[in-house]
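Participant: kindly return the folded structure for what I paste below:
(one chain, ligands or ions: 1)
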Amino acid sequence: MNRSSLSPRNVVLVGFMGSGKSTIGRGLARRLGWRFVDTDEMVRRAAAGRDIPSLFRDEGEAAFRDRESRAICEAVEGKGQVIATGGGAVLRPENVARLRAAGTVVWLTARPEVVVARTAWRANDRPLLAGAGDDLLTHVLQMLGERGPCYQDAAHLIVDTSDRPPHAIVEEVHRKTLRARVPTAEEQR
Ligand code: S3P
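Facilitator: Have a look, this model is predicted:
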């Protein structure tokens, strides 16, 4: 079997904040010799370097989501990339459709306590977690409950990141994405 014929055009990582999208995405891109693209980073660049908390504060969440959708449209034009998305990218069905058409979508999961441990120390960098204070776990559980179906709908594959070091997760994502035979955008039409 020709392995390259199984290779997806892109690997797209979706998942909740703190699920490891950036860390795993960078490692996977290195492993594949592909470009790493981060839609949060694209949003910041397009906003002349303003950070995400200030975009939420000054323009509101809807405007941020518009910026995020534009970044996704741009990112999916390329190929041979690992694309890490923001945790809320799956909230808009049109984003999900574009991401699924662009390659293999991997949902990175993590147990709620793990999400809290990974995000608590810099919760202020994430406007949707800032202000939760001691109730971070409750807040995360509620958001995960609301968003779970969106991640589920977006995902071709699911990989849990809770209990293993990044290199082991990179290997699992690599193995599974090579094996997954995801229909091309043309075949999905
Ligand atoms: C968000 C997740 C963040 C960032 C923004 C909104 C969300 O990205 O896009 O703060 O709605 O879950 P990370 O998942 O990379 O933290």
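
Participant: from now on I want contacts and neighbour counts done on CA atoms only, so please keep to that.
Facilitator: Fine.

Participant: what about the closest residue to Thr109 other than its chain neighbours, neighbour count?
Facilitator: Nearest residue to Thr109, sequence neighbours excluded (CA to CA, 6 or more residues apart in numbering): Asp160, at 4.6 Å. By other CA atoms under 10 Å, the residues close to Asp160 number 16.

Participant: likewise for Glu74?
Facilitator: 12.

Participant: next up, phi/psi of it, please.
Facilitator: When read as degrees, to the nearest 10, the backbone of Glu74 gives phi -70, psi -50.

Participant: per-residue pLDDT, it?
Facilitator: On pLDDT, Glu74 comes in at 98.

Participant: which one is Thr85 nearest to, not counting chain neighbours?
Facilitator: Nearest to Thr85 is Thr39, by CA to CA, 6+ apart, at 5.2 Å.

Participant: my guess is the one you found meets Ile72, correct?
Facilitator: Yes. Contact criterion CA atoms under 8 Å: Thr39 and Ile72 qualify, at 6.5 Å.

Participant: more neighbours: the two, which one.
Facilitator: Ile72 (26 against 22).

Participant: my read is that the more buried one contacts Val37, right?
Facilitator: No. Here Ile72 lies out of contact with Val37, judged by CA under 8 Å, at a distance of 10.1 Å.

Participant: so for stretch 59-78, what gets flagged as buried?
Facilitator: Of the residues in stretch 59-78, 61, 64-65, 67-73, 75-76 count as buried by neighbour count, 16 or more other CA atoms under 10 Å.
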